[in-house]
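> Here is my input; please provide its structure:
(2 chains)
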Amino acid sequence: MEALNLFLDNFADWDSFVRIWPLLWQGFQVTLLLAVVTLPIALVVGLTLAVLYSFHHKWLNVALLVWIDLFRSFPVLVLLILIFYGLPFLGLKLPSFAACVLALTLNNSGYYGEIFRAGIESVPPGQREAARALGLHPLQVIFLVILPQAIARVMAPLASNSLELVKTTSIAALVTLPELLRSARVAQEQTYNPTPLTAAAIIFFVLLWPFARWVAKLERNMILRQR
Amino acid sequence: MNPLLDNFFNAQILAQYFPSILGGFWLTVEVALLTILVGVGTGLGLAIVRAMRWRPADIAITIFVDIFRTLPQLVVIVFIYFGLPYADIQLSPFAATVVALGAVLAAFATEIFWAAIQAVPTGQWDAARSLGLGFFRILFLVILPQAIRIAVPLLTNRAIAITKGTALGTAVSLPELLGRAQSAMAIAANPSPLTLAAALYLLFFLPLVVASRWLEGLGPRRH
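Next comes the predicted model:
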């Protein structure tokens, strides 16, 4: 019993929590802002790469695959460090928020690009030919005929990657952007106990858990369809 | 002199810090392999336990999976390294990174293996049972060989994505590739070590990323 009390005093101390709540709340808002800004930009860039790929221009496609695989291969933190600590040596100093948006966008343009690309390639070629035969413009073919089918096919990885993007915003803590995790670490230095970390973990969990469940369901259905 | 060459491809600085950064590279490889071993092994084990359909275990596994699938990797690493010491559990940076990434991969692997086991048609269980096989022989000789084939493409993608998290070890001062490069950059006041680290990351992950696309192509076509 005493051990449990000691544990709770450390990891879930109410007084500490009340004291550091304003700091965490600010961090939470920065996390949310970073996610809301980055998610649509990364989606659009990835979609653009995939649509360009769908025109099957030989050299363009080689370049697009190189782009996609390159940014899928770099750990996103390496990109962020390069952008935030490396680029200033070339006279390009980005504020931490912009550096995070850029790093997350480049990284996820690779992931989204590959997901959309695989989806578009999985639509039978007859669809494109039929739509062309009906006299649709190539852009109408891709946006009105191919993409709706493609997106339905890759909904699971699309949702999963979006969740991962929101989770990854926490690396912003490592370039001193005061998002949720960073705020919790700063708060911990004031309270001398891990309550701020527990609180940050719980906030992340409450925020993301419904999406994680949804993504898991989509992925499970995708696997079950293979039987 | 060209500022791009001088800052990012400075031969003298590259040569000076190469041994230290290569050491970091091997540590990264070590952490990555251990993470995959721990994560996939634990995931397979937990999926097998789920297949036994024992309710208390089921609930415990679901809680474990949901927590580690939902929390950001960095939050898990930071919590284990900076939080757990208050509960008298002090892990080294190396152990904290492997345990954190291993737990996250285990959560995803459990989900994937369990779904793959369920994807094997139930007729297989019935047929094997009618041949007189017991639960474990059915599971290990009949179901798992088919399930693992279904699981491989998704599992590979997930394992690669989580292994890239080894770079997060820098946050708990693990002297892996990125960490070494960053301290070299600070000492030399030149980001060339970072270029070298980026090249080594590519060397390690690019073949895996290309291979995973090829693996996915082998899966069933869904036209």
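
> what's the helix ranked longest in chain B packed up against?
When chain B is parsed with DSSP state H, its longest helix is helix B:11-51. Packing partners of helix B:11-51 (3 or more C-beta pairs under 8 Å, 6 or more residues apart in numbering or on different chains; DSSP states H and E): helix B:55-70, helix B:93-119, helix B:144-163, helix B:177-188, helix B:192-218. Quick note: C-beta positions are derived from backbone N, CA and C, even for glycine.

> between the third one and helix B:11-51, how big is the angle?
In this case it means helix B:144-163. Using axes from the mean of the first three to the mean of the last three C-alpha atoms, to 10 degrees, the direction of helix B:144-163 lies 140 degrees away from that of helix B:11-51.

> Please find the angle between the direction vectors of helix B:144-163 and helix B:93-119.
Using the same axes, to 10 degrees: helix B:144-163 against helix B:93-119 is 140 degrees.

> Reformat the helices and strands packed on helix B:11-51 as a markdown table; add mean pLDDT, mean neighbour count and distance to residue A:168.
Below are the helices and strands packed on helix B:11-51 laid out as a markdown table (pLDDT from 0 to 100; neighbours: other C-beta atoms under 10 Å in any protein chain shown; distance: least, C-beta to C-beta, whole Å):
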| stretch | mean pLDDT | mean neighbour count | distance to residue A:168 |
| --- | --- | --- | --- |
| helix B:55-70 | 95 | 15 | 13 |
| helix B:93-119 | 96 | 24 | 12 |
| helix B:144-163 | 92 | 20 | 10 |
| helix B:177-188 | 92 | 22 | 15 |
| helix B:192-218 | 89 | 18 | 16 |
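
> Which stretch among those helices approaches residue A:125 most closely?
Among the helices and strands packed on helix B:11-51, the nearest to residue A:125 by C-beta to C-beta is helix B:192-218 (16.5 Å).

> could the helices and strands packed on helix B:11-51 go into TSV alongside distance to residue B:132?
Putting the helices and strands packed on helix B:11-51 into TSV (distance: least, C-beta to C-beta, whole Å) gives the following:
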stretch	distance to residue B:132
helix B:55-70	27
helix B:93-119	21
helix B:144-163	19
helix B:177-188	53
helix B:192-218	34
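
> Any chance of those in JSON lines with distance to chain A as columns?
Shown next, in JSON lines, are the helices and strands packed on helix B:11-51 (distance: least, C-beta to the nearest C-beta, whole Å):
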{"stretch": "helix B:55-70", "distance to chain A": "4"}
{"stretch": "helix B:93-119", "distance to chain A": "4"}
{"stretch": "helix B:144-163", "distance to chain A": "6"}
{"stretch": "helix B:177-188", "distance to chain A": "6"}
{"stretch": "helix B:192-218", "distance to chain A": "4"}
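
> Quick one: closest of those helices to residue A:122.
Residue A:122 lies closest, by C-beta to C-beta, to one member of the helices and strands packed on helix B:11-51: helix B:192-218, at 10.7 Å.

> now for the closest one, which elements pack on it?
helix A:58-73, helix A:76-81, helix B:3-8, helix B:11-51, helix B:144-163, helix B:177-188.

> circling back: out of the helices and strands packed on helix B:11-51, which comes closest to residue B:11?
Counting by C-beta to C-beta, residue B:11 lies closest to helix B:192-218 out of the helices and strands packed on helix B:11-51; the figure is 8.4 Å.

> Go through chain A and flag its longest helix.
Max-length helix for chain A by DSSP H is helix A:14-53.

> Just want the most central residue of chain A.
residue A:165 (1.3 Å; C-alpha atoms, centre = their mean).

> Tell me who's in contact with it.
By C-beta atoms under 8 Å, 6 or more residues apart in numbering or on different chains, the contact list for residue A:165 reads A:35, A:38-39, A:42, A:104, A:108.
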